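> Just the structure for this:
(one chain, ligands or ions: 1)
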Amino acid sequence: MFRPFHIPGGATVKCLQYADDVICIVSDLASFKALTGTLSTFQRATGARLNPTKTKGLRLGKWWWKQLPFAASWVDDAMKINGIWFGYGSPESLTWNEKVDLAEARMTDYGGRYISLMGKVSVINGFIYPLLWYPGTVLAAPEGVLVRLERAVFKFLWSGKTELVRRKVVYQDLRHGGLGLVHFPSKLRFLLAKCVFSAVDSEMPFAYFVRYWGGFSLRGFFPSLFSNSVPHSGRPSRTYCHMRDTLRMMSTVGDVSQSSERDLYQAIFDGLAGRVQPGYYALGPEVWRVVHSRSLDYRRRDRLWRIAHDAIVTNLKRLRWRLGDGICPRTGCTKWESVPHVFWHCGFVALLWEWFQVLADRLTFCNTWAVSKNYVLYGLLPPPVNTSVRGILTFVSASIKLAIWRDRCNIVFRGGGGLQTSSWRR
Ligand SMILES: [Zn+2]
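Residues are numbered from 1 along each chain as shown. Predicted structure coming up:
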């Protein structure tokens, strides 16, 4: 007889299957014979063959370093099952460091090309982070791994240069001035804690482990996970402590089993990352609505977002880093080169905004609206017209800002001759 493995609480397991992966749990020597018998029946029935070199075994407890009557490549420390390491040592760190290596390699692949900030956030959210979500549902990520990953993500985002906007701001969603970068420490916590929710009424083998290891510390949130009639550990493991702390954060919105996923995630995010209050009166939701207008592509949204956050390396900013003289690089201009100067005050851009004013007058059929500093920097107080005309004006003004900055960089880096306004009269 093939003896099953007993889980504390009453469940038994012999075999686990995932896609073409089969895991058998053998708990005494006699069962190997039964296992071999079952497998040979299976082989005769299906014509399939078991490949001993691809069959891996992990010896646990008393079987360490022992000869076992089964043809497999035996190991005694750790074994990888579906991308997760199991065994002795610290399989969590092993798994997580492997995943972060992979994430870093992927970011290096993307790092060589020019991608806007918005584009990079899409790459991170869509191609880098998904590597983490699966192990995230099984293992708590060690603190060191989180730090390493965050450093790598922000290095990729800012191309290894100075970070011009606080990380906390970048993590906010678009409506609150951020870039919508997923705050992965919050999401990982959320994913792991969600397993507890699915264990509450489940009879699957994993639910018995949750009740055994977590029942005692999680009963405050889920009374049904705990019962005096089933065994439970008095000392939860690190992963269950982690889950308990997450549930505590979640419970700030009320009863965790009654709240929506969105609220629960928000509670974790508020606890770990926190909301950002706009530092400057102008930076309300209106500004971000303009920055992320539908009429704009990533490159233009990027430029507007940077302008609104003062995240542009002007000479004045460089002076604050003790580099250069801080003066506008255009010949004949002697003012400090701040962001408002580059895009509005500088005499060399006045003509462009005059041209824009003429265009706006023609499109809006009104001559009471005047282009202002706040419109140029933050898109505030747009002309009172319908959204499609407003969209055109937003697009044109964003294009002007893109051209101003490109021209300014031409002067600084290639000694270019300055903007040819005539080319803008097309
Ligand atoms: Zn100037």
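
> In this structure Arg106 contacts Tyr129, no?
No - using C-beta atoms under 8 Å, Arg106 is not in contact with Tyr129; the gap is 10.4 Å. Just so you know, the C-beta spots here come from the backbone N, C-alpha and C atoms, and that holds for glycine as well.

> So which of those two has more stuff around it?
Tyr129 (19 against 16; other C-beta atoms under 10 Å).

> and the more buried one, what are its phi and psi?
phi -60, psi -40 (degrees, to the nearest 10).

> again, but for Ala311
phi -100, psi 50.

> Next, work out how far apart the closest residue to it other than its chain neighbours and the ion are.
Of all residues not flanking Ala311 in the chain, Leu164 sits nearest, at 3.7 Å (C-beta to C-beta, 6 or more residues apart in numbering). Separation of Leu164 from the ion (C-beta to the ion, to the nearest Å): 21 Å.

> And for Lys335?
From Lys335 to the ion the distance is 5 Å (C-beta to the ion).

> Leu68 too?
Counting by C-beta to the ion, the gap from Leu68 to the ion is 79 Å.

> now do Thr108
Distance from Thr108 to the ion, by C-beta to the ion: 38 Å.

> mind listing what the residue nearest in space to the middle of the chain touches?
When C-alpha atoms, centre = their mean is applied to the chain, the residue found nearest the centroid is Val182 (3.4 Å). By C-beta atoms under 8 Å, 6 or more residues apart in numbering, the contact list for Val182 reads Ile124, Asn125, Tyr129, Tyr171.

> which one among those residues gets closest to the ion?
Closest to the ion out of those is Tyr171 (34.4 Å), distances taken as C-beta to the ion.

> So what's the residue count around the closest one?
Tyr171 has 22 neighbouring residues, counting by other C-beta under 10 Å.

> With the one 10 residues further on instead?
As a burial measure, Leu181 scores 22 neighbours (other C-beta under 10 Å).

> Compute the distance between it and the ion, please.
34 Å.

> How about the contacts made by that residue?
Val121, Ile124, Asn125, Val153, Leu157, Val170, Tyr171.

> redo that, cut-off 10 Å
Residues near Leu181 by C-beta atoms under 10 Å, 6 or more residues apart in numbering: 117, 120-122, 124-125, 129, 153-154, 157, 167, 169-173.

> Likewise for Asn125?
Leu179, Gly180, Leu181, Val182, Phe184.

> so which of those residues would you say is closest to Leu68?
Of all these, Leu68 sits closest to Phe184, with 40.6 Å by C-beta to C-beta.

> Wait, a strand at Tyr134?
No - secondary structure assignment (DSSP: H, G, I helix; E, B strand; the rest coil) places Tyr134 in helix, not in a strand.

> was I right about it contacting Gly83?
Yes - in this structure Tyr134 lies within contact range of Gly83 using C-beta atoms under 10 Å: 6.6 Å.

> Spell out which residues are contacts of both of these two.
Both Tyr134 and Gly83 are contacted by Lys99, under the criterion C-beta under 10 Å, 6+ apart.

> Adding pLDDT, write the contacts of Asn125 out as JSON lines.
Below are the contacts of Asn125 laid out as JSON lines (pLDDT from 0 to 100):
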{"residue": "Leu179", "pLDDT": "95"}
{"residue": "Gly180", "pLDDT": "95"}
{"residue": "Leu181", "pLDDT": "97"}
{"residue": "Val182", "pLDDT": "97"}
{"residue": "Phe184", "pLDDT": "96"}
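
> Out of the residues you listed, list just those in helices.
Phe184 (DSSP state H).

> Residue ranges in the protein under the pLDDT threshold?
Along the chain, segments meeting pLDDT under 70 span 1, 279-282, 415-426.

> State which helix of it is the longest.
Per DSSP H, the chain has its longest helix at helix 387-414.

> circling back to that earlier point, who touches both of Arg106 and Tyr129?
In contact with both Arg106 and Tyr129: Val123, using C-beta under 10 Å, 6+ apart.

> From Val121, how far out is the residue nearest to the centre of the chain?
Using C-beta to C-beta, to the nearest Å, Val182 is found at 9 Å from Val121.

> Quickly find the element holding the nearest residue to Gly326 once chain neighbours are set aside.
Leaving aside its chain neighbours, Gly326 sits nearest to Leu319 (3.3 Å; criterion: C-beta to C-beta, 6+ apart). Secondary structure from DSSP states H and E places Leu319 in helix 315-320.

> Any part of that helix near the ion?
No - Helix 315-320 does not reach the ion (C-beta under 5 Å from the ion); its nearest approach is 9.7 Å.

> counting contacts, what elements does the following helix or strand past that helix pack onto?
Per DSSP H and E, the first helix or strand lying C-terminal to helix 315-320 is helix 339-340. Contact partners of helix 339-340 among helices and strands, from 3 or more C-beta pairs under 10 Å, 6 or more residues apart in numbering; DSSP states H and E: helix 298-308, helix 373-378.

> would TSV of these with mean neighbour count be doable?
Formatted as TSV, the helices and strands packed on helix 339-340 follow (neighbours: other C-beta atoms under 10 Å):
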stretch	mean neighbour count
helix 298-308	21
helix 373-378	18
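
> Quick one: closest of these to the ion.
Nearest of those (C-beta to the ion): helix 373-378, 14.3 Å.

> who's in contact with the closest one?
280, 282-284, 286-288, 290-291, 304, 307-308, 310, 339-340, 343-345, 349, 352-353, 356, 360, 369, 372, 380-383, 393-394, 397, 400-401, 404.
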